[in-house]
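In: Quick one: sequence plus predicted model below, questions after.
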Amino acid sequence: MIANRLVAVGVVAAAVLAAGCDRAATSQLSPVGPSQSFARVTAAAASCKVDIGATVHPLPALHLLQAWLNISIQNAASSLNCGQVQSLQAKMSVVAEKLDQDPPNFDAACGASTALLNELQSLVRRGELATPTFPPPVPGGPTTVLAAAADLNQHWCDAAHGDLTGPRS
C-alpha cells in the first residue's frame, strides 16, 4: 500500500523536477582582504545534491524520496551547506545499498533510515531545510519530504521486525 502510494508520488515528483526546480551554482569573486577567501560558492551549488544512482532492484519509493529531498534542498527557503547535503547523501546511499541486496537487509535499512529521518527532523526544526508541500498521490499519502521519510522508515522498520512483507521500497 505504501509502495503503491509512493510510486504514484513519483509521477508527481518527476513532473516537478521536469519543470526545472534545480538552481545553478553561483559564485562571487570579491577580494576582501589578504587573509580572507577570494571566492565563495553558495550552499545551493549544483554539485550539492543527493544522488543514490542506479539500483539493481527497482526502488521507486527511495528514488522518490531522493527527488523530494533534492527539491527541498534546492528550495529558496533552505540554507544547507554542501557538508550537510553530503551527510544526507551518505545516509541515503546506505539505505539504498541495504535495500538493493538480495535479500534486502531491512534491519540495516531501518537503522540507516532512522538516522536519516533524525537528521531531516533536526534540519527542519532548525529551519535549515524547507518542506515544500507536494500534492498527495492518493488520499492520506505523504505530502512533504519529512512525511515521506517517516512513512518509509516505518515501512522498512516494520519489515525488519517481520511485521510487514512486500516490495523493497
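Out: Okay, I see it. Since the model is a prediction, treat every value here as computed from it, not as a measurement.

In: Could you pull up the residues touching Pro132?
Out: Residues counted as contacts of Pro132 (CB atoms under 8 Å, 6 or more residues apart in numbering) are 71-72, 75, 144. Where C-beta positions appear, they are placed from N, C-alpha and C, glycine not excepted.

In: Among those residues, which pair sits farthest apart?
Out: Asn75 and Thr144 (11.2 Å; CB to CB).

In: on that earlier part again, which of the contacts of Pro132 tops the neighbour count?
Out: Ser72 (25 neighbours; other CB atoms under 10 Å).

In: A helix includes it, no?
Out: Yes: membership of Ser72 in a helix is supported by DSSP: H, G, I helix; E, B strand; the rest coil.

In: gap between it and Ala61?
Out: 16 Å (CB to CB, to the nearest Å).

In: Let me see the ranges of the strands in this structure.
Out: In the chain, the strands defined using DSSP state E lie at 27-29, 39-41.

In: one step back: need the contacts of Pro132 in CSV with distance to Gln84 and pLDDT, can you?
Out: Listed next are the contacts of Pro132 as CSV, based on distance: CB to CB, whole Å; pLDDT from 0 to 100:
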residue, distance to Gln84, pLDDT
Ile71, 16, 95
Ser72, 12, 95
Asn75, 14, 95
Thr144, 18, 95
